[in-house]
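Asks: structural data only, the sequence is not supplied:
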């Protein structure tokens, strides 16, 4: 499951898990759980992306399950996308769900998350949020575009700007195809 910061990847992952016994791997939460004084912790708290090699090394041991898996927030970069397809497309049925919406909606959802009490370092200031949005535009969207036509996988774009229940209906329809 891919999309900008605040698009609802976690929300929709949990909604899917209520309807199917998916294993859920939330890449961002895994990285945010690293000690604050670690290399990864320092990168995350500044709103920066963790280098591909480190992320792929952390993900590889988790991708051995024969159960259906939701990769929440992975891949984020073109390098990670290529790594995933090259190493796993021949082993698993990969279906990328790209949750698309505009920047204004993403910012509003992040602010709501903060108002609701989430204490994430990468949501701490508007400067960090803007940096994350810039990274999404510069780094993640090229991965999305590459995955859109990558061989050996399925790709679905979901308009995630609307109501969560409507978005979820689109997601389940895409997964059933």
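Replies: Alright, I've got the coordinates. Treat the numbers as computed from the prediction; the structure is a model and nothing was measured. Numbers count the residues shown, from 1 in each chain.
Asks: so where's this protein uncertain?
Replies: 65, 120-124 (pLDDT under 70).
Asks: centroid residue for it?
Replies: residue 73 (1.6 Å; Cα atoms, centre = their mean).
Asks: now residue 142. Nearest residue, chain neighbours left out?
Replies: residue 78 (5.0 Å; Cβ to Cβ, 6 or more residues apart in numbering). In short, each C-beta sits where N, CA and C put it, glycine included.
Asks: residue 39 now?
Replies: residue 54 (7.8 Å).
Asks: what of residue 148?
Replies: Nearest one to residue 148, counting by Cβ to Cβ, 6+ apart, is residue 155 at 5.1 Å.
Asks: in three-state terms, label that neighbour for me.
Replies: Following DSSP: H, G, I helix; E, B strand; the rest coil, the label given to residue 155 is strand.
Asks: do the same with residue 151
Replies: Classification of residue 151 using three-state DSSP returns coil.
Asks: tell me the contacts of it?
Replies: 85, 89 (Cβ atoms under 8 Å, 6 or more residues apart in numbering).
Asks: now it: phi and psi?
Replies: Note on residue 151: its backbone torsions stand at phi -70, psi 140 [degrees, to the nearest 10].
Asks: gap between it and residue 112?
Replies: Distance, residue 151 to residue 112, using Cβ to Cβ, to the nearest Å: 38 Å.
Asks: same check, this time on residue 27
Replies: Taking Cβ to Cβ, one finds residue 27 at 22 Å from residue 112.
Asks: which one of the two has more residues nearby?
Replies: The residue with more neighbours, out of residue 27 and residue 112, is residue 27; 21 against 11, by other Cβ atoms under 10 Å.
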